[in-house]
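**Q** I need the structure of the sequence given here:
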Amino acid sequence: MTQTTGADTPRSPSEASFLAEIKDAVTPRATVLVIGVIALQLLFIASYVGALHHPKPRDIPFGVVAPAAVSGQAVGRLDQLPGSPLDARAVSDEATARRQIANRDIDGALVINPARTTDTLLVASGGGRVLATFLENLTTALEAPQQRAVRTVDVAPASASDFNGLTSFYLVVGWCVGGYLCASILAISAGARPANPRRATIRLATMAGVAVIGGLGGAVIVGPILGALPGSVAALWGLGTLITFAVGAATLALQGLFGVVGIGLAILLVVIAGNPSAGGAFPWPLLPPFWATIGPALPPGAGTWSARSIAYFNGNAMTSALLTLGAWALCGIVVTLLAATLRRKRTRTAEAHGTATPQGNGKADGTATP
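**A** Residues are numbered from 1 along each chain as shown. Modelled structure (predicted):
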């Protein structure tokens, strides 16, 4: 008698139905998206831990005020410290050092007075309390073997309500979140790719309205309501509007090019790469070289630098950061409109040849109604 092997045994109707249900529920597209989510998750862990687990100072811009007879020797000694924590340069006098700190050209300065046993360290905790503390600890350790003391003067102090100077960073993170979440919601509700330039313009206009409201709300919350951050509410409002719109427009552009995958790319750039490199928890001289390099070019970094400048440095040294944010906003607008225009042309060409596929139903699958 022939025995039927397990491999030849037909599946029961219920088993076949279950397997068919799995194939229907877990499509290849869904599988790819889930793999993408796992990749983002691991990149998030690697980026945050890699950037923040072991802060090590590198080339902190640092001034030295001293008589000509000892200035060169002091600068050389600081420049030759192991690991190159300081980028020392001679400064003519204390007033100039204070001005350079206020202009954010240097992060601190040591004023050496050979006639006394106490030198003066100038810092700016408004630019990052962690950085100011490091400079104080380093100079104290260097002066102690010479039987000299250090008196620290904070020329741009962080607000007492701004713990570790992190309010600016959290404020900017909130504005960035508002930008990419609004763009993502537009994709989920009406299709990731706008069907024509008019629809793209409407989305950009909606994004601008959200940016204005979110920018004002954030400025009012951290200023008049909580008293966590000093500085002009109007200036912070303008900055928040620019940050929110820049991130939102960039997200719309990525969606226009890549569909719903563009949301993941926006998260990769803004959250995974941008937040740990923003200089919030640790200013850029304390970050590893990769994160310190990309930070100023991404919205969270440019935004955090600008918010601190408004709050503690009279709005100084913001030009580069504002140009960066403006470039993100402009590129977002141009790419969003260009992608919508090309999509419309492709649709019309397909319709002319009778090969057009039905327009989408507003789902976040990369389709959109015309």
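
**Q** in what helix or strand does the residue nearest to the spatial centre of the chain lie?
**A** Nearest to the geometric centre of the chain sits residue 300, at 2.3 Å (Cα atoms, centre = their mean). Assigned by DSSP states H and E, residue 300 belongs to helix 299-312.

**Q** so for that helix, mean pLDDT?
**A** Helix 299-312 comes out with an average pLDDT of 97.

**Q** cool, stretch 352-361 as well?
**A** Taken as a whole, stretch 352-361 has an average pLDDT of 54.

**Q** from now on call the first residue 39
**A** I'll keep to 39 as the first residue from here, and by that count the last item is stretch 390-399.

**Q** name the next helix or strand downstream of the helix holding residue 338, please.
**A** Using DSSP H and E, the helix or strand that follows helix 337-350 towards the C-terminus is helix 357-390.

**Q** return the residues in contact with residue 355.
**A** Each residue near residue 355 by Cβ atoms under 8 Å, 6 or more residues apart in numbering is listed here: 141, 142, 143, 343, 347. Backbone N, C-alpha and C define where each C-beta goes, glycine included.

**Q** in a markdown table, list the residues you listed along with neighbour count and distance to residue 172.
**A** Below are the contacts of residue 355 laid out as a markdown table (neighbours: other Cβ atoms under 10 Å; distance: Cβ to Cβ, whole Å):
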| residue | neighbour count | distance to residue 172 |
| --- | --- | --- |
| 141 | 13 | 21 |
| 142 | 20 | 17 |
| 143 | 15 | 18 |
| 343 | 27 | 18 |
| 347 | 24 | 21 |
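
**Q** I'd like those written out as a markdown table, with distance to residue 283 added.
**A** Listed next are those as a markdown table, based on distance: Cβ to Cβ, whole Å:
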| residue | distance to residue 283 |
| --- | --- |
| 141 | 28 |
| 142 | 25 |
| 143 | 30 |
| 343 | 18 |
| 347 | 19 |
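
**Q** name the element the residue lying closest to residue 381 once chain neighbours are set aside belongs to?
**A** Spatial nearest neighbour of residue 381, chain neighbours left out: residue 231 (5.9 Å); criterion: Cβ to Cβ, 6 or more residues apart in numbering. Remark: residue 231 resides in no helix or strand, with elements defined by DSSP H and E.

**Q** burial check on residue 231, number of neighbours?
**A** With neighbours defined by other Cβ atoms under 10 Å, the count for residue 231 comes to 25.

**Q** repeat for residue 84
**A** For residue 84, the count of nearby residues is 12 (other Cβ under 10 Å).

**Q** next: residue 353.
**A** A total of 14 residues lie near residue 353 under the criterion other Cβ under 10 Å.

**Q** who are the contact partners of the closest residue to it other than its chain neighbours?
**A** Nearest non-adjacent residue to residue 353, counting by Cβ to Cβ, 6+ apart: residue 347, 5.7 Å away. With contacts defined as Cβ under 8 Å, 6+ apart, residue 347 is in contact with 142, 353, 354, 355, 356, 359.

**Q** again, only using 10 Å
**A** 141-142, 164-165, 206, 269, 273, 277, 353-356, 359-360 (Cβ atoms under 10 Å, 6 or more residues apart in numbering).

**Q** for the residue nearest to residue 381, give its distance to residue 387.
**A** Distance, residue 231 to residue 387, using Cβ to Cβ, to the nearest Å: 16 Å.

**Q** okay, residue 238 and residue 144: tell me how far apart.
**A** For residue 238, the distance to residue 144 equals 45 Å [Cβ to Cβ].

**Q** so these two - more neighbours on which side?
**A** More crowded of residue 238 and residue 144, by other Cβ under 10 Å: residue 238, with 26 against 22.

**Q** quick check: that one is in a helix.
**A** Yes: with DSSP: H, G, I helix; E, B strand; the rest coil as the criterion, residue 238 is part of a helix.

**Q** contacting residues for it?
**A** 231-232, 290-291, 294, 371, 373-379, 381-382, 406.

**Q** ditto for residue 180
**A** Counted by Cβ under 10 Å, 6+ apart, residue 180 has contacts 112, 115, 116, 119, 124, 148, 157, 186, 188.

**Q** ChimeraX command for the buried members of these?
**A** Restricted to buried positions by 16 or more other Cβ atoms under 10 Å, the ChimeraX selection for the contacts of residue 180 reads:
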select :112,116,124,148,157,186,188
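
**Q** what's the closest of the contacts of residue 180 to residue 83?
**A** Using Cβ to Cβ, residue 124 comes nearest to residue 83 of the contacts of residue 180, at 31.7 Å.
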